[in-house]
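Novice: Below are the sequence and a predicted model; questions follow.
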Amino acid sequence: MNYADIQRLYQLPLFELLKQSRAVHEAHWPEREVQLCTLLSIKTGGCSEDCGYCAQSARYTTGVVAEKLMAKDAVMEKARAAKANGSTRFCMGAAWKGVREGTEKFEQVLDIVRDVSTLGMEVCVTLGELGSGEAVKLKQAGVTAYNHNIDTSPEHYPNVVTTHTFDDRLRTIRHAQDAGMSVCCGGILGLGEGVEDRLRMLEVLSSFNPQPESVPINMLMPIKGTPMEENAQVDVFDLVRLVAIARIAMPRTKVRLSAGRYSLSREGQALCYYAGANSIFYGEKLLTTVNPRANEDLALLRELGLVPQSPNPAQAAPIADGAKPLTPCCAS
């Protein structure tokens with residue numbers, strides 16, 4: 001969807017926007033299902049990048065202690081617990097710039113993925129930058145989806161990160177798609193961006209070919225010690241508008257409520273579900289920040305008449321539209 005169309009949607013009265021997004025949601029997701037995803041940090045802290053929002057950057061003093069890659073047995077214990085708790089997708093994140101074929105840490109990750117993939121859940125990883133070779137090996141090991149957010153607009157991105165570029169992000173996404181993995185790619189609200197940046201972010205995401213399988217919409221949780229520790233909280237209606245526009249622009253994509261959901265009231269979350277959200281990060285912790293408890297989430301879903309989505313680890317990645325340009329490896 002182009003920027004002008006997205007801007008027109010944003011300018012609609014809220015209830016009119018919700019009316020349109022709800023119609024799109026019901027046409028493509030009539031089953032009332034919500035995907036439950038558990039996120040585990042398998043390697044915390046000590047990252048060389050300077051993402052201005054991140055507690056795990058070694059450049060900032062945030063109280064996060066750098067740790068080594070978790071042992072496979074410890075990861076499997078967490079994965080089994082996530083499955084027993086109802087999660088259908090298990091996401092593993094590592095605070096690295098990226099991974100490279102032939103390195104010990106990459107081989108360890110592949111070994112972990114192979115074992116987690118035997119549990120019957122969808123497997124997602126976020127490991128930073130990928131080359132084409134690494135992407136193929138992750139797919140072969142059993143990865144269902146690769147998470148790599150674009151964070152914000154191409155124009156605002158240099159104000160958020162300087163140690164890599166927006167083009168670097170797109171290149172990794174293209175490698176993941178070429179390897180046959182689904183792409184989990186979204187952004188963060190509250191990075192000091194303007195409305196135009198938020199809409200441009202959605203324009204870029206909706207222009208991917210194929211579109212992302214899932215789009216996490218995060219709200220910044222300001223971390224003491226990071227450059228963005230004083231950033232203002234995102235207004236709930238701004239979040240709802242972005243969820244609704246994402247649903248209209250990417251009708252077959254799962255729209256995921258992610259970081260910052262802890263600060264939302266039950267009513268705010270319900271409004272997001274109505275607008276088109278159908279996936280959440282589920283469990284008590286997201287990498288280094290808190291998250292609503294699982295029993296509270298399930299109680300809210302029951303009250304809203306929603307049900308957890310069944311896992312589908314064998315699901316095929318979205319197929320590119322041959323009449324459109326593929327997801328670029330660099331910004332236009």
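Specialist: Structure received.
Novice: quick one, strands of the stretch 51-200 of the chain?
Specialist: Assigned by DSSP state E, counting those that start in this stretch, the stretch 51-200 of the chain shows strands spanning 89-94, 122-126, 145-147, 182-184, 187-189.
Novice: Distance from the fourth one to the middle of the chain?
Specialist: So that's strand 182-184. 9 Å (C-alpha atoms, centre = their mean, to the nearest Å).
Novice: same check, this time on the second one
Specialist: Counting by C-alpha atoms, centre = their mean, strand 122-126 is centred 11 Å from the centre of its parent chain.
Novice: in its sheet, what does that strand sit against?
Specialist: With DSSP bridges as the test, strand 122-126 is paired with strand 89-94 (parallel), strand 145-147 (parallel).
Novice: how about those strands in a markdown table, adding distance to Gln11 and mean neighbour count?
Specialist: (C-beta placed from N, C-alpha, C; glycine too.) Formatted as a markdown table, the strands paired with strand 122-126 follow (distance: least, C-beta to C-beta, whole Å; neighbours: other C-beta atoms under 10 Å):
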| stretch | distance to Gln11 | mean neighbour count |
| --- | --- | --- |
| strand 89-94 | 34 | 24 |
| strand 145-147 | 31 | 25 |
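Novice: right, and those - which one's nearest Tyr10?
Specialist: Among these, strand 145-147 comes nearest to Tyr10, with 25.7 Å by C-beta to C-beta.
Novice: any idea of the mean pLDDT in the closest one?
Specialist: The pLDDT scores in strand 145-147 average 96.
Novice: got a list of contacts for that strand?
Specialist: The contact list for strand 145-147 (C-beta atoms under 8 Å, 6 or more residues apart in numbering) reads 89, 91, 93, 122-126, 130, 135, 138, 172-173, 176, 181-185, 213-214, 216.
Novice: Output the below-cut-off pLDDT ranges for the chain.
Specialist: Residues of the chain that meet the criterion pLDDT under 70 lie in 283-294, 330-332.
Novice: Go through stretch 68-75 and flag the buried ones.
Specialist: If you call a residue buried by 16 or more other C-beta atoms under 10 Å, then stretch 68-75 has these buried ones: Leu69, Met70, Lys72, Val75.
Novice: Give me the distance between the nearest residue to Arg100 once chain neighbours are set aside and Leu138.
Specialist: Spatially, and ignoring its direct neighbours in sequence, Arg100 is nearest to Phe106 (6.2 Å; C-beta to C-beta, 6 or more residues apart in numbering). Phe106 sits 9 Å away from Leu138, going by C-beta to C-beta, to the nearest Å.
Novice: re earlier: save the strands paired with strand 122-126 as JSON lines, and put in distance to Gly102 too.
Specialist: Below are the strands paired with strand 122-126 laid out as JSON lines (distance: least, C-beta to C-beta, whole Å):
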{"stretch": "strand 89-94", "distance to Gly102": "17"}
{"stretch": "strand 145-147", "distance to Gly102": "19"}
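Novice: wait, which of these is closest to Leu205?
Specialist: strand 145-147 (13.3 Å).
Novice: and the spatially most central residue of the chain, bridged to which residues?
Specialist: Closest residue to the average C-alpha location of the chain: Pro216 at 3.5 Å, with C-alpha atoms, centre = their mean. Bridge pairing for Pro216 (DSSP bridges) gives the partners Arg256.
Novice: got the contact list for it?
Specialist: By C-beta under 8 Å, 6+ apart, the contact set of Pro216 is Asn147, Asn149, Cys184, Cys185, Gly186, Gly187, Arg256, Ser258, Ala259, Ser279, Phe281.
Novice: from memory the fourth one sits against Asn149, does it?
Specialist: Yes. Contact criterion C-beta atoms under 8 Å: Cys185 and Asn149 qualify, at 5.8 Å.
Novice: helices and strands around the longest strand seen in the chain, which ones?
Specialist: The residue-count maximum for a strand in the chain (DSSP state E) belongs to strand 33-43. In terms of contacts (3 or more C-beta pairs under 8 Å, 6 or more residues apart in numbering; DSSP states H and E), strand 33-43 is packed against helix 72-84, strand 89-94, helix 104-116, strand 254-257, strand 279-281, strand 307-308.
Novice: Tabulate the CA atom coordinates of the first one in PDB.
Specialist: What follows is helix 72-84, C-alpha atoms only, in PDB (Å, rounded to 0.1, in the frame of the first residue of the first chain):
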ATOM      1  CA  LYS A  72      20.900 -26.500  25.000                       C
ATOM      2  CA  ASP A  73      19.400 -28.400  27.900                       C
ATOM      3  CA  ALA A  74      18.400 -25.100  29.600                       C
ATOM      4  CA  VAL A  75      16.800 -23.900  26.400                       C
ATOM      5  CA  MET A  76      14.900 -27.100  26.000                       C
ATOM      6  CA  GLU A  77      13.600 -26.900  29.500                       C
ATOM      7  CA  LYS A  78      12.200 -23.400  28.700                       C
ATOM      8  CA  ALA A  79      10.800 -24.600  25.400                       C
ATOM      9  CA  ARG A  80       8.900 -27.500  26.900                       C
ATOM     10  CA  ALA A  81       7.500 -25.300  29.600                       C
ATOM     11  CA  ALA A  82       6.300 -22.800  26.900                       C
ATOM     12  CA  LYS A  83       4.600 -25.600  25.100                       C
ATOM     13  CA  ALA A  84       3.000 -26.900  28.300                       C
END
